[in-house]
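1. Sequence plus predicted model, see below.
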Amino acid sequence: MSFAARPLKRRELYPRAVVDGRPLPDGAPARWGRRAGRLLTSAGEREEAELERAIRSQPGAGRPNTLAVISPKGGVGKTTVSFLVGSLLATHLQTWTIAVDTNPDYGTLGDLAPEGLRPTRSLADLLDDMDHIRTAAHLRPYIARLPTGLHVLRAPCDAELTASLSAQRYGELLAFLSTFYELVVLDCGTGVGRPLARFAVERADQVMLVSTAELLTANVVLSALNQLRHDRTTLVLNRAHPALRDNVHALENRFRRERLHRSITVPDDPQLATMLDTGTYALEALARPTRLAIKRLGLAAADQLV
Ligand SMILES: Nc1ncnc2c1ncn2[C@@H]1O[C@H](COP(=O)(O)OP(=O)(O)O)[C@@H](O)[C@H]1O
Ligand SMILES: [Mg+2]
């Protein structure tokens, strides 16, 4: 008999309420300081307005699209990018979007839903019941509907069960979901050589390849490139620290030489991490550099919808 450890509840790690990715209470002076900061206008504000306009003027999906988010490295932000991009297209383009946790090992995508919004059923249950589901209403019990408008289909909690699902089964799932959604985001597990990752890249209309700006990670990503060639690939340099600015430029040049011309850098932002950890994501409450990066990511995805 096996015993699964009891999962931690959010309130065990975050006993104080979290608003906009920060624990409360914080004294009134801090709040006033933040408010004053928000009143400042800047070039960043204009850039953001431009980005907003550009995203909202995209034509959207002409047919069901698939976006695969992949990386040969774990912990670089695949799940985060899947969530951010899916959420942005759902809110800004009103694209019917579902993110699917295709991680073979305890994916965390489903946990990004606030507690209370997480369905107990997983993609394995949906695969079992798919033949009887004809309408969006029937699909509802399997899906977490996040406050951002993004729908999420979580992985099974049983790793053995997940491992038993073949790429072909995921293909059936993808075909099924494409009858309901305009965009299916596949949050892939770590690695690019496994059948599931290969399947995801093969079936995808576009790929987001996630790295960090550190040499070791970038080198692993570079060496995996030949396994995941895809014409519509966006490189995401995630968790970029200001000290890594020179690395970012050097990496962008290097990847451009590998014919990867589109790259988006996302800052390392503890506020974003806390929001994700507490199920309290609010794009507009993030600092502008992070917000801009997320909107650039969204624009890159929207621009490559077919
Ligand atoms: N830009 C970022 N700033 C701060 N934390 C981040 C950022 N991107 C991801 N994280 C955090 O890093 C951890 C790993 O991210 P995750 O998306 O789960 O990686 P992966 O899916 O590639 O394993 C998570 O705790 C997440 O909140
Ligand atoms: Mg993940």
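-> Structure's in. What do you need? Residues are numbered from 1 along each chain as shown. Ligands and ions are numbered 1, 2, ... in the order given.
2. Test my guess that N103 contacts S122.
-> No. Assessed by Cβ atoms under 8 Å, N103 is found out of contact with S122, at 11.6 Å. To be clear about C-beta, it is placed using only N, CA and C from the backbone, and glycine gets the same treatment.
3. Need the overlap of contacts for these two.
-> Residues touching both N103 and S122 by Cβ atoms under 8 Å, 6 or more residues apart in numbering: A155.
4. so which strand or helix has whatever residue of the stretch 101-250 of the chain ends up closest to ligand 1?
-> Per Cβ to the nearest ligand atom, R239 is where the stretch 101-250 of the chain lies closest to ligand 1, at 4.6 Å. According to DSSP states H and E, R239 maps onto strand 233-240.
5. who does that strand touch, helix- and strand-wise?
-> Judged by 3 or more Cβ pairs under 8 Å, 6 or more residues apart in numbering; DSSP states H and E, the packing partners of strand 233-240 are helix 78-92, strand 206-212, helix 245-257, strand 262-267, helix 288-303.
6. one more time with 6 Å
-> If you count contacts as 3 or more Cβ pairs under 6 Å, 6 or more residues apart in numbering; DSSP states H and E, strand 233-240 packs onto strand 206-212, helix 245-257, strand 262-267.
7. after the lowest-mean-pLDDT helix or strand in the chain comes which helix or strand?
-> For the chain, counting by mean pLDDT, DSSP states H and E, helix 28-39 ranks last in confidence among helices and strands (a mean of 60). Going down the chain from helix 28-39, the next helix or strand is helix 43-56, by DSSP H and E.
8. pLDDT averaged over the very next helix or strand once past that following helix, what's the number?
-> Following helix 43-56 in sequence order, the next helix or strand is strand 65-70 (DSSP H and E). Across strand 65-70, pLDDT averages out at 98.
9. now stretch 248-259
-> 94.
10. List the residues that contact the most centrally placed residue in the chain.
-> Nearest to the geometric centre of the chain sits S82, at 1.6 Å (Cα atoms, centre = their mean). Residues in contact with S82 (Cβ atoms under 6 Å, 6 or more residues apart in numbering) are 69, 99, 185, 187.
11. a markdown table for those, including neighbour count, distance to A17 and secondary structure?
-> Listed next are the contacts of S82 as a markdown table, based on neighbours: other Cβ atoms under 10 Å; distance: Cβ to Cβ, whole Å; DSSP: H, G, I helix; E, B strand; the rest coil:
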| residue | neighbour count | distance to A17 | secondary structure |
| --- | --- | --- | --- |
| V69 | 31 | 31 | strand |
| A99 | 30 | 26 | strand |
| V185 | 31 | 30 | strand |
| D187 | 29 | 28 | strand |
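12. Between the residues you listed, which sits nearest A43?
-> V69 (30.5 Å; Cβ to Cβ).
13. give me every residue that touches the residue in the stretch 1-150 of the chain that ligand 2 sits nearest to.
-> For the stretch 1-150 of the chain, the residue closest to ligand 2 is T79, as judged by Cβ to the ion, at 3.3 Å. By Cβ under 6 Å, 6+ apart, T79 lies in contact with 108-109, 187.
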